[in-house]
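build me a structure from this.
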Amino acid sequence: MRTENIKVQLSDGEMSAYVAYPEAAPVGAVIAIMEIWGVNHTMKAHAAEFAEAGYICLVPDLFWRLGPDVILDSDNPNDWMPSLDRYFQFDYDLGAQDMEETMNYLRSIEGGNGKVGAVGYCLGGKMCYLMCCRTDIDCAVAYYGTYIEHAIKEAPNLSQPFMLHQALSDTWVPPAICKFIEAKIGDNPNVAIHKYPDAEHAFARHGANSYSAPEAEAALDCSVTFFKKYLK
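As a prediction, this is how the structure comes out:
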């Protein structure tokens, strides 16, 4: 697997990104949208997962407008305050615009097939939801997306295939919120929801205390199958 760091030219700036390439000819491309910690080791591990499944996987520096290339650690207590500060300063509308431009960039690259999906974790999960409501992304997958409920009024515009992995022991997205989101979007034929009763928030975060291999592996299998369906 080959990897590289690149710069993506956006309409109002330049964003760093990490890209992992499959060994064989790609069967599509995937944007892997970060949590609040930056393009760190766990996001690079996710990129490897999807590159190994056959996709070009690009991890954008989502918070570039708040200061580029900042990498923080969820297991370091000193990193929580700056991470949360960036989290709550983040402009979702500008972020969605950046991700749409990233999607268009991936559709145009040599060697791709023009199909682009997205997968997002925590904050990145909400970005995937917004992309399915606001853009023509081919499909998107959200892992324990935070604050989707704050944009639930956009649910009538959810027109693209969307998969949601819900951790039902999640303190950031508690069961009542999971149930509310399911009630609002679960009947949409574009939506597939998978529930993990014993999983905590960030159950797929490699190396974290919250990591749970059985749930992470099951969710990855569902996600890869979903991408195979829509990114051929």
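
quick check: buried residues in stretch 23-41?
Neighbour counts over stretch 23-41 (16 or more other Cβ atoms under 10 Å) mark 26-40 as buried. For every residue, glycine as well, the C-beta is placed using N, CA and C.

out of the residues you listed, which one sits closest to G124?
For these, the closest approach to G124 (Cβ to Cβ) belongs to I33, at 3.2 Å.

bridging residues for the closest one?
On the basis of DSSP bridges, I33 is bridged to G120.

tell me the spacing between it and L231.
Going from I33 to L231 by Cβ to Cβ, to the nearest Å gives 16 Å.

related to what we said a few turns ago, now, the buried residues of stretch 23-41 that are in strands?
29-33 (DSSP state E).

let me have those in TSV, adding distance to P214 and pLDDT as columns.
Formatted as TSV, those follow (distance: Cβ to Cβ, whole Å; pLDDT from 0 to 100):
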residue	distance to P214	pLDDT
A29	28	97
V30	23	98
I31	26	98
A32	21	98
I33	24	98
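
any chance of those residues in a markdown table, plus distance to E101?
A markdown table is the format used below for these (distance: Cβ to Cβ, whole Å):
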| residue | distance to E101 |
| --- | --- |
| A29 | 14 |
| V30 | 16 |
| I31 | 11 |
| A32 | 16 |
| I33 | 13 |
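
relative to L84, which of those residues is nearest.
I33 (17.9 Å).

do I have it right that the closest one meets A118?
Yes: counting by Cβ atoms under 8 Å, I33 does reach A118; the two are 6.1 Å apart.

please enumerate the shared neighbours of the two.
Any residue near both I33 and A118 by Cβ atoms under 8 Å, 6 or more residues apart in numbering counts here, and that gives 99, 127-128.

closest to D187 among the buried residues of stretch 23-41?
Distances from D187 to the buried residues of stretch 23-41, taken by Cβ to Cβ, are shortest for I33, at 25.6 Å.

relative to A25, how far out is the closest one?
Counting by Cβ to Cβ - I33 and A25 are separated by 25 Å.

what about stretch 158-173, how long is it end to end?
20 Å (Cα to Cα, to the nearest Å).

show me what counts as buried in it.
158, 160-168, 170, 173.

for stretch 184-201, same thing?
Using 16+ other Cβ under 10 Å, the residues of stretch 184-201 that count as buried are 184-185, 191-192, 194, 196, 199-201.

likewise stretch 42-57?
42-44, 46-51, 53-57.

and these, which two are furthest apart?
T42 and G54 (20.9 Å).

can you list the residues that contact stretch 11-23?
1-8, 39, 43-44, 47-48, 50-61, 64-65, 68-69, 97-98, 101-102.

now do the SS call for V141.
strand (DSSP: H, G, I helix; E, B strand; the rest coil).

re the thing from before, which one of the shared contacts of I33 and A118 is nearest to G145?
C128 (6.8 Å).

so which helix or strand takes in that closest one?
Assessed by DSSP states H and E, C128 sits inside helix 123-134.

going by contacts, tell me the helices and strands next to that helix.
For helix 123-134, the packing partners by 3 or more Cβ pairs under 8 Å, 6 or more residues apart in numbering; DSSP states H and E come out as strand 29-33, helix 92-108, strand 116-121, strand 139-143, strand 162-167.
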